[in-house]
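**Q** build me a model from this:
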Amino acid sequence: MLSRWGAAVAVLAGIVLAGAPAAAHAEDPVNLQGAYVVDSAQVLGTDGQPRIMAAIDSLYEHTGIQLFVVYVRGFTGALDPVDWVDTTAINNGLGADDILLAVATDTRQYAISIDESSPLTDEQFDQLEVDVERELRQDRWTEAAISGAESLTRSIRGTIPSTSGDGSGGLPFLPIVGGVAVVGIGVFVVTRIRKRGAGDTASGPTETLSQKQLDTRAGSLLVQLDDSVKTSEQELGFAVAQFGETATREFTAAFAKASATVAEAFAIKQRLDDAEPESEADKRTLTLRIIELCEEADAELDSQADAFDALRELEKNAPAELEAVAAEATRVRGQLESAGSSLSALRERYSAAAIGPVADNLTQAGKLLEFADTTTASARAALASGRTSDAAVAVRSAQSSVGQASQLLAAVSTRTSDLDAAASTLEALLADTSQDIVAARALPADGASARLEPSLSAAESALAAARENRDDPVTAVTRLGEANLALETVFTAVQAEQARVVSAAAQLDASLDAARAQLASANDFITTRRGAVGESARTRVSEADRHLQQAIAQRSSDPVTALAEAQRASDTARSAFELARNDVNRQSSELDYGGSSWSGGSDGADLGGLLGGLLEGMLGSGTGPRRSSSSSRSYRSSSSRGSRSSSFGGSSRSSSRSSGGRRSRGGRF
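**A** Below you'll find the predicted structure:
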């Protein structure tokens, strides 16, 4: 948390700056002088700085990140806003956990600087920019800083915990009843929650935390959990004395497990603190393990909190709770007869396997109700003798017994509904599976349909088994449904594949004819103008012919592949024709016969190509026109990228990595 000194310096700096003259319209990189908020542009107003400081304090409390904010009228004394903010950060000694936001209000520019080693990810940085710029666009200067702090808290922590300090968000470890123990519990709960709110400064996703933050978090958790275990040991002693070892068995086990977990965490901490250093990777792994163990111990102790609370409340209201459980036992006992009738009806309609899950429910429910009668009698005797703790334990046992008995009887009714629904579903599923099998068997026999055989066999076996076991409809529906789904999945794929084959076969002849025609056209063009056509066009012709021959070879065995080959042949032949025509046009423009030159028109191109073949023998004899063996080509390129200037409504952002180890961004708003 920010120190009182830091907050006081921030307020003092704001007062001093507020009194400074407003004549300067821009500033060089500033000296923060210990302040978290500097407003030399005088845009925050009277309540701006306190509101920003509250957000900055909250950010630090929940993430360990410190945010510094500077408002000036313009950036001067640096190459650009990013250089300005980096220079300010470096000059003021900001580190890995510090972030600087600088805003130039008059020139409508901003820049954000973080250290190269900051745990902030690019995605979190992106969101920070978006949230800050959204407010700056509306000249909401105070809200821009607050939004930035809240954006960082959300992205790093995930959620913002309550800082009310009233303890409403937490649970006590092991509540104890009676006298001084209750007072001790209340004090302990408030202390524990305050520690979680203020001490766990590096909470949140551990993958985003630096080693320093992890060390802080691990140390804080160790201290908290060690205090909690010591306090819980005392509380458990009171609980055992109050309710007995049997009633507190689960609480004792939870305490023992938590104690062992904390001891393991301390052993790891000792390993980190000894004279033998660990690598950075090992140190991080071991520190994360400490945090994990502390959180496990915390959860283990918390796991019993609700039950212990209930037992304490039960002691307070034992007489009323005793009468309530006795009445509930009477009501549940009245359901035994109707549940027995339902079970008899199930035995007449369904197999023993089908009713197996509830076959002995009535017997078990009767035993539980008898035990409830015994424990309620014990509770009455304990209350009569003033032993309220013993009465509470007995009442809780009676409540558990009656509740289980009620569940056992309700399960009979539920099983009846499930079996009746499954029996109805089974008939429809039998018909559907039979139709699917017939449709699958009717598919044309080919390589695709052969893949259906395993699923078909499984479905036919499941269908036969379901017809024979209608008296166990739940099992039959489960197994037949699985087989039916597997068959439908394969059937759909095979059907789609066969449809593609049929469609490809229908298109294949036309595609082959088109490929032949395209290839013939390219061949004829090259043959009649071969003096001007280079190797690229001829290579394309050869490749087109290869695809065409493959299409012809596979037209019967694999129409889908054959169609694809025919289409490739056509496309490649078309490309060959275009390359050949370009060669001829280029040759035509280069020919110069008798002081005349042919232009790139179609007539000149054709003539150039024809003459090229006729005159090839003349080119080496020193007579007639000559083609240069190489041509000079000039290329105009630029390797530089122009920088974009940005304005409000179309902002651009820039980023840099400065020589001072900062990772920064900036832009206009």
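**Q** ranges for the helices of the stretch 251-400 of the chain?
**A** 280-302, 305-316, 318-333, 336-349, 352-355, 361-384, 388-441 (DSSP state H, counting those that start in this stretch).
**Q** could you dump the ones you listed to a markdown table with mean pLDDT?
**A** Output for the helices of the stretch 251-400 of the chain, formatted as a markdown table (pLDDT from 0 to 100):
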| stretch | mean pLDDT |
| --- | --- |
| helix 280-302 | 86 |
| helix 305-316 | 68 |
| helix 318-333 | 89 |
| helix 336-349 | 90 |
| helix 352-355 | 89 |
| helix 361-384 | 91 |
| helix 388-441 | 87 |
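**Q** tell me the gap between stretch 400-414 and the middle of its chain.
**A** Its chain's C-alpha centre and that of stretch 400-414 lie 41 Å apart, by Cα atoms, centre = their mean, to the nearest Å.
**Q** stretch 388-408 too?
**A** Centroid displacement of stretch 388-408 relative to its chain, using Cα atoms, centre = their mean, is 44 Å.
**Q** let me have the helices of the stretch 251-400 of the chain in JSON lines, adding mean neighbour count and distance to A35 as columns.
**A** Quick note: C-beta positions are derived from backbone N, CA and C, even for glycine. Shown next, in JSON lines, are the helices of the stretch 251-400 of the chain (neighbours: other Cβ atoms under 10 Å; distance: least, Cβ to Cβ, whole Å):
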{"stretch": "helix 280-302", "mean neighbour count": "18", "distance to A35": "33"}
{"stretch": "helix 305-316", "mean neighbour count": "18", "distance to A35": "44"}
{"stretch": "helix 318-333", "mean neighbour count": "17", "distance to A35": "61"}
{"stretch": "helix 336-349", "mean neighbour count": "13", "distance to A35": "76"}
{"stretch": "helix 352-355", "mean neighbour count": "17", "distance to A35": "78"}
{"stretch": "helix 361-384", "mean neighbour count": "18", "distance to A35": "67"}
{"stretch": "helix 388-441", "mean neighbour count": "18", "distance to A35": "59"}
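**Q** turn these into a markdown table, including distance to A522.
**A** Below are the helices of the stretch 251-400 of the chain laid out as a markdown table (distance: least, Cβ to Cβ, whole Å):
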| stretch | distance to A522 |
| --- | --- |
| helix 280-302 | 62 |
| helix 305-316 | 82 |
| helix 318-333 | 91 |
| helix 336-349 | 78 |
| helix 352-355 | 74 |
| helix 361-384 | 84 |
| helix 388-441 | 47 |
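**Q** for Q507, find the nearest of those.
**A** For the helices of the stretch 251-400 of the chain, proximity to Q507 was assessed by Cβ to Cβ; helix 388-441 is nearest, at 26.1 Å.
**Q** okay, the angle between the closest one and helix 336-349?
**A** With axes from the mean of the first three to the mean of the last three Cα atoms, to 10 degrees as the basis, helix 388-441 and helix 336-349 are set at 20 degrees to each other.
**Q** elements contacting the following helix or strand past helix 388-441?
**A** Later in the chain than helix 388-441, the nearest helix or strand by DSSP states H and E is helix 453-468. Under the contact criterion of 3 or more Cβ pairs under 8 Å, 6 or more residues apart in numbering; DSSP states H and E, helix 453-468 touches helix 388-441, helix 473-528.
**Q** and whichever helix or strand comes after the longest one, what does it pack onto?
**A** Note on helix 473-528: by DSSP H and E, the next helix or strand toward the C-terminus is helix 535-553. Packing contacts for helix 535-553, counted by 3+ Cβ pairs under 8 Å, 6+ apart, involve helix 473-528, helix 559-590.
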